[in-house]
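S.K.: Sequence and predicted model, in that order:
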Amino acid sequence: MQLRGSNLDALERAKEAGYLIIARKKHSWPLYNAWWRWCEEHQWPFVYIRPRRAYASVHLDMEPTGVRLSEMAMGRVAELVYMYNEWRHGGFATYGNHTSIPNVRMERAEEAARALLGLALQEVYYGQSEATEHVGGETWAN
């Protein structure tokens, strides 16, 4: 299915930003699938924001990159969850190459997406042995 209108605009914004903001509407699935295909073609981390009313969930899937998150990176994800999950409970879900941060205030959702994307790109381009990441005012290094 070819994207049109607002979905096509959203895909172009995602390519520029490095992550997708996807609506809850049924017609957004073609956009979700198009973003997945683009990420696969470019071996790019699949990062997207699923907005709700006041909060959003921010998701990362490393599958399109062929790289798994290291244990060090998963520790960084836990730090990001603590920074961005407003309710500080409910934890975070990690399934293989996929992780998410729930309960992110809408005004901080893109910041959280950029943080997850940055962490993922460190893993893709530098691997766990040389990766460094700035999280919460501290620099983490392996």
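M.R.: Structure received.

S.K.: Skipping its backbone neighbours, what lies nearest the residue nearest in space to the middle of the chain in space?
M.R.: By CA atoms, centre = their mean, the chain has its centre lying nearest to residue 47, at 3.1 Å. Spatial nearest neighbour of residue 47, chain neighbours left out: residue 19 (3.8 Å); criterion: CB to CB, 6 or more residues apart in numbering. Every C-beta, even on glycine, is put in place using the N, C-alpha and C of the backbone.

S.K.: show me where the protein has helices.
M.R.: 5-17, 29-42, 71-84, 109-130 (DSSP state H).

S.K.: export these to a markdown table and tack on mean pLDDT and mean neighbour count?
M.R.: Formatted as a markdown table, the helices of the chain follow (pLDDT from 0 to 100; neighbours: other CB atoms under 10 Å):
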| stretch | mean pLDDT | mean neighbour count |
| --- | --- | --- |
| helix 5-17 | 92 | 14 |
| helix 29-42 | 94 | 16 |
| helix 71-84 | 86 | 18 |
| helix 109-130 | 85 | 18 |
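
S.K.: Looking at these, which is nearest to residue 63?
M.R.: helix 29-42 (8.1 Å; CB to CB).

S.K.: Contacts for that closest one next, please.
M.R.: 1, 3, 7, 10-11, 14-15, 20, 22, 44-46, 48, 64 (CB atoms under 8 Å, 6 or more residues apart in numbering).

S.K.: Sort out which one of those lies nearest residue 57 for me.
M.R.: residue 48 (9.2 Å).
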